[in-house]
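Colleague: dropping a prediction and its sequence here:
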Amino acid sequence: MFNESDFLADLASIPPDPPFMRNVCNECHRPSTVCYCSSLPNPRLCPHSRIILLQHPAEEKRCLRTATMLQLSLEANKCLTFKGKRFPGRHDELNEILTEANTLLLYPSPSAVDITEIVKDSVHSSYNIVIIDGTWPQAKAIYTASPILHSIKQIKILDIDISRYIIRTQPADGCLSTLETAALTLSLLEKNGIYKNELLKPLQTMCEYQIQNGAVSHQSKEFRIKNNSYPKLIGKRLNKVLRNADSMRNS
C-alpha cells in the first residue's frame, strides 16, 4: 500500500548535490591525481617502424592497461590499434598491412626467429610489428582464430628483462606488458635505446603513484613458486605457461 509519508521521507534523503566525481585527464583518462602524462615523450616519438596492436575487446575494460601509454607516446601513424577476436575481420586496412612483405608478428611460436637475427640480416628499412594485446589465453585464442597470422614471419625476443610493471602479477619472469614489449622491440629494430628509455617512463610513473596510494609491488608467479611463497595450487594452465617460458629462455 502506498504510504505518502514514507515516499516523502525517501525524497528528503536524496542528497541535493550530485556525488563527488574525480577530475579525469583528457589524454590518459586517469584521475588527475595519478595522471602520467607529464612522463610521456614530448614531442611524440617517430620511429621508422610502426606498431600494429591487435587488441582483445576485454583490454578496454582494464583500468591499468599499457597500450594507451604506447598510443600517447608515438606519432598517431606509428601505433595503429584494431579491436576484435578474429583478424583481419572487417578491417580492410589491416588486411593490407598483414600481407605486406615487411610485416612481422611478435609471437613465440615454434617457427619464430630471434629478433636479433632480423636486425642483423635486415632487408627492409622499416617494419610493421604486429603485437596481440591481451592476456596469454586471449592472445592464443586470437592467433588460433586468425589464419592470416600464421603466414606472417614470426619473431620472438630472447633477451628479456624482468617486467617493470611491478603492480601487476606476471605469470613468469619473462612476461612483459604490451608497452614493454613494443619498447624493447623498437629499441632493437631502430638500434636506439631511446625507445626503451622514453616509452617506459609513464609506466614507471604510474607504478610509483599506485604504490604511494596503497598498491604493493608484485613478483611474478614463477618467482613466488620457486621461492615457495605462492599461496595457491598450480593449475594446469599456469603450469603450461611456466614450462613454455622456461623453454623459451633455454632455446
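Modeller: Arrived safely.
Colleague: show me the shaky parts of this structure.
Modeller: Under the criterion pLDDT under 70, the flagged ranges of the chain are 1-22, 63, 166-174, 214-251.
Colleague: the same query, at a cut-off of 80, please.
Modeller: Under the criterion pLDDT under 80, the flagged ranges of the chain are 1-22, 60-64, 159-175, 211, 213-251.
Colleague: over to the residue nearest to the spatial centre of the chain: give its phi and psi.
Modeller: Geometric centre of the chain, nearest residue: Thr178, 2.5 Å, by CA atoms, centre = their mean. Thr178 has phi and psi values of phi -60, psi -40 when expressed as degrees, to the nearest 10.
Colleague: strands along this protein, start to end?
Modeller: In the chain, strands defined by DSSP state E lie at 50-55, 79-83, 103-106, 113-114, 128-133, 153-156, listed in chain order.
Colleague: so what strands line up beside the fourth one?
Modeller: What it means is strand 113-114. Strand pairing for strand 113-114, using DSSP bridges, gives strand 153-156 (parallel).
Colleague: what residues sit buried inside the strand it pairs with?
Modeller: Buried residues in strand 153-156, defined by neighbour count with 16 or more other CB atoms under 10 Å: 154-156. Where C-beta positions appear, they are placed from N, C-alpha and C, glycine not excepted.
Colleague: identify all contacting residues around that strand.
Modeller: 103-109, 111-115, 118, 248 (CB atoms under 8 Å, 6 or more residues apart in numbering).
Colleague: on that earlier part again, right, and the strands of the chain - which one's nearest Tyr36?
Modeller: Across the strands of the chain, Tyr36 has its closest neighbour in strand 79-83 (16.6 Å, CB to CB).
Colleague: wait, what's in contact with the residue nearest to Thr66 when sequence neighbours are not counted?
Modeller: Leaving aside its sequence neighbours, Thr66 sits nearest to Leu179 (CB to CB, 6 or more residues apart in numbering; 3.6 Å). By CB under 8 Å, 6+ apart, the residues touching Leu179 are 66-67, 69-70, 199-200, 203.
Colleague: cool, His48 as well?
Modeller: 125-126, 189-190 are the contacts of His48 under CB under 8 Å, 6+ apart.
Colleague: thinking Gln204 is in contact with Ser39, fair?
Modeller: Yes: Gln204 is within contact range of Ser39, at 7.3 Å (criterion: CB atoms under 8 Å).
Colleague: between the two, which one's more packed in?
Modeller: Between Gln204 and Ser39, counted using other CB atoms under 10 Å, Ser39 has the larger neighbour count: 18 against 14.
Colleague: in a markdown table, list the contacts of His48 along with neighbour count and distance to Thr99.
Modeller: Formatted as a markdown table, the contacts of His48 follow (neighbours: other CB atoms under 10 Å; distance: CB to CB, whole Å):
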| residue | neighbour count | distance to Thr99 |
| --- | --- | --- |
| Ser125 | 8 | 19 |
| Ser126 | 14 | 16 |
| Leu189 | 22 | 20 |
| Glu190 | 18 | 24 |
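Colleague: nearest to Asp133 among those residues?
Modeller: The closest of the contacts of His48, once distances to Asp133 are taken by CB to CB, is Leu189, at 18.6 Å.
Colleague: does the closest one touch Ile115 like I think?
Modeller: Yes: between Leu189 and Ile115 there is a contact under CB under 8 Å: 7.4 Å.
Colleague: thanks again, I'm all set now.
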